[in-house]
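Novice: quick one: sequence plus predicted model below, questions after.
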Amino acid sequence: MQSDSTMKSYIAFLLISVAASVSGFDNGFSAPNSSPLDDFSSFSYYEKSCPHAEAIIQRKLNKWLKKDYTLAAALIRLHFHDCVVRGCDASILLDHYGSERRANGSKTLRGFQVIDDIKAEIEKKCPKTVSCADILTTVARDATVMVGGPFWMVPFGRKDGRVSIGKEADSVPMGRERITDLIQLFQSKGLNVLDLVVLSGAHTIGRSTCGSLQFRLYNFNGTRKPDPSINPKYLNFLRRKCRWASELVDLDATTPRTFDTQYFKNLQNKMGLLSTDQLLYSDSRTSPLVNAMAFQPTIFDSQFAVSMVNLGNIQDVSSANNGEIRVNCNYVNYRK
């Protein structure tokens, strides 16, 4: 008879295989499994034109994270916000009136100065060669590795978009959505339920403002009571911690500095910080995957790498066809 651990591994494999078979909708985005970035030559895209690009990114990022380790989670989040709107085209970096960067949902984004620092150094070595979109995607990978997460090969060749519209940033999840809404959003980008659960696991590191969860602590859905899905001890902790909306609280209360599967175990213990976190465990479409990740750390690591590649491969057709290589990530190139 099979051991309990073997059976759990087999069940986890089946769950992930089923979830991975879910395909997205055709809406003007190229789905990750059909992206032109998947071509093997894209891994060596800068081999001749800027051979030291990845080394520069890694060296600069390492210096920044030594000064502030919390930037790792911030940069992964910045990459996600970029890719969900218009694909991975660095539109989130454009800094002008009405841009995504200046939208209400982007006010807590951080790490822009890290990208600027890296871009300036790369421009000295390889002018007008490496896109801001490729830099941001690589930074998200290296930040993950530097906090103990998995490594993956990043395909290159993205172009920087010239359009950034603030109201489009409203589509980025803010922590109060329904699981159905999240699934539909991910599917519209060519991602599936497995990607949703696994990428949510990035909340194993990082912080949130207390303003994002205070409605769960005191007046959930207008009941004047706390969200019943919160562990009572965790509720007491959060109420002490979140007396002010501007306060920051760890997304993973147990091992906030370690990239691991504790996030999923926290959900099992009713310790998901954001409403969308905890809902992953109560929804029948996502809870089996939460359990699988909690039981199998190696599966989470390997699948996180796959899902991050999928995320990084989202391309908006219009941005890809009309993109450029920005000299400064904050502004489109000057054109007469």
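Specialist: Yep, it's here. Residues are numbered from 1 along each chain as shown.
Novice: quick one: E54 from A133, how far?
Specialist: Separation of E54 from A133 (Cβ to Cβ, to the nearest Å) stands at 15 Å. For the C-beta atoms, the positions are set from N, CA and C on the backbone; glycine is no exception.
Novice: those two: which has the busier surroundings?
Specialist: A133 (32 against 18; other Cβ atoms under 10 Å).
Novice: what about the more buried one, distance to T180?
Specialist: As for A133, its distance to T180 is 30 Å (criterion: Cβ to Cβ).
Novice: what of K66?
Specialist: Relative to T180, K66 is positioned 41 Å away (Cβ to Cβ).
Novice: over to F264?
Specialist: Taking Cβ to Cβ as the measure, F264 falls 21 Å from T180.
Novice: who's more crowded, those two?
Specialist: Taking other Cβ under 10 Å, F264 and T180 do not tie; F264 has more neighbours (29 against 11).
Novice: now do the same for that one: its pLDDT.
Specialist: The model reports F264 with a pLDDT of 98.
Novice: that one contacts G201, doesn't it?
Specialist: Yes - F264 is within contact range of G201, at 6.5 Å (criterion: Cβ atoms under 8 Å).
Novice: which residues do those two both contact?
Specialist: Counting by Cβ atoms under 8 Å, 6 or more residues apart in numbering, the contacts common to F264 and G201 are 293, 300.
Novice: which stretches of the stretch 51-200 of the chain form strands?
Specialist: Read by DSSP state E, counting those that start in this stretch, the stretch 51-200 of the chain holds no strands at all.
Novice: how about stretch 135-150, which residues are buried there?
Specialist: Of the residues in stretch 135-150, 135-147, 149-150 count as buried by neighbour count, 16 or more other Cβ atoms under 10 Å.
Novice: who's in contact with Q278?
Specialist: Taking Cβ under 8 Å, 6+ apart as the test, what Q278 contacts is 227, 229-230, 267, 270, 272.
Novice: what is the rounded mean pLDDT of the helix or strand harbouring it?
Specialist: Secondary structure from DSSP states H and E places Q278 in helix 275-282. Mean pLDDT, helix 275-282: 98.
Novice: in that helix, what's buried?
Specialist: Per 16+ other Cβ under 10 Å, helix 275-282 contains these buried residues: 275-281.
Novice: which of these lies closest to T255?
Specialist: The closest of the buried residues of helix 275-282 to T255 turns out to be D277 (Cβ to Cβ; 15.1 Å).
Novice: any chance of the buried residues of helix 275-282 in CSV, with distance to R162 too?
Specialist: Shown next, in CSV, are these (distance: Cβ to Cβ, whole Å):
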residue, distance to R162
S275, 35
T276, 32
D277, 35
Q278, 39
L279, 37
L280, 36
Y281, 41
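Novice: okay, and for the chain, where does confidence drop off?
Specialist: 1-41, 318-320, 335-336 (pLDDT under 70).
Novice: list the buried residues for stretch 232-246?
Specialist: Residues of stretch 232-246 classed as buried by neighbour count (16+ other Cβ under 10 Å): 234-235, 238, 242.
Novice: same check on stretch 256-265?
Specialist: 256, 259-265.
Novice: from those, pick the one nearest D116.
Specialist: Looking across the buried residues of stretch 256-265 and measuring by Cβ to Cβ, the closest to D116 is F259, at 25.3 Å.
Novice: wait, the closest one touches H203, no?
Specialist: No - counting by Cβ under 8 Å, F259 stays clear of H203, with 10.6 Å between them.
Novice: neighbours of W64, how many?
Specialist: Count around W64 with other Cβ under 10 Å applied: 20.
Novice: which parts of this structure are helices?
Specialist: 4-20, 53-67, 71-84, 112-125, 132-146, 179-188, 193-200, 214-218, 232-241, 262-268, 275-282, 287-295, 297-312, 317-321 (DSSP state H).
Novice: export the third one to PDB, keeping only CA atoms.
Specialist: So that's helix 71-84. Extracted in PDB, the C-alpha atoms of helix 71-84 (Å, rounded to 0.1, in the frame of the first residue of the first chain):
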ATOM      1  CA  LEU A  71      12.500  46.000  -1.600                       C
ATOM      2  CA  ALA A  72      12.600  42.400  -2.800                       C
ATOM      3  CA  ALA A  73       8.800  42.000  -2.400                       C
ATOM      4  CA  ALA A  74       8.200  45.500  -3.600                       C
ATOM      5  CA  LEU A  75      10.000  44.800  -6.900                       C
ATOM      6  CA  ILE A  76       8.100  41.500  -7.500                       C
ATOM      7  CA  ARG A  77       4.900  43.400  -6.900                       C
ATOM      8  CA  LEU A  78       6.000  46.200  -9.300                       C
ATOM      9  CA  HIS A  79       6.600  43.600 -12.000                       C
ATOM     10  CA  PHE A  80       3.100  42.100 -11.400                       C
ATOM     11  CA  HIS A  81       1.400  45.500 -11.600                       C
ATOM     12  CA  ASP A  82       3.200  46.200 -14.900                       C
ATOM     13  CA  CYS A  83       2.300  42.900 -16.500                       C
ATOM     14  CA  VAL A  84      -1.400  42.900 -15.500                       C
END
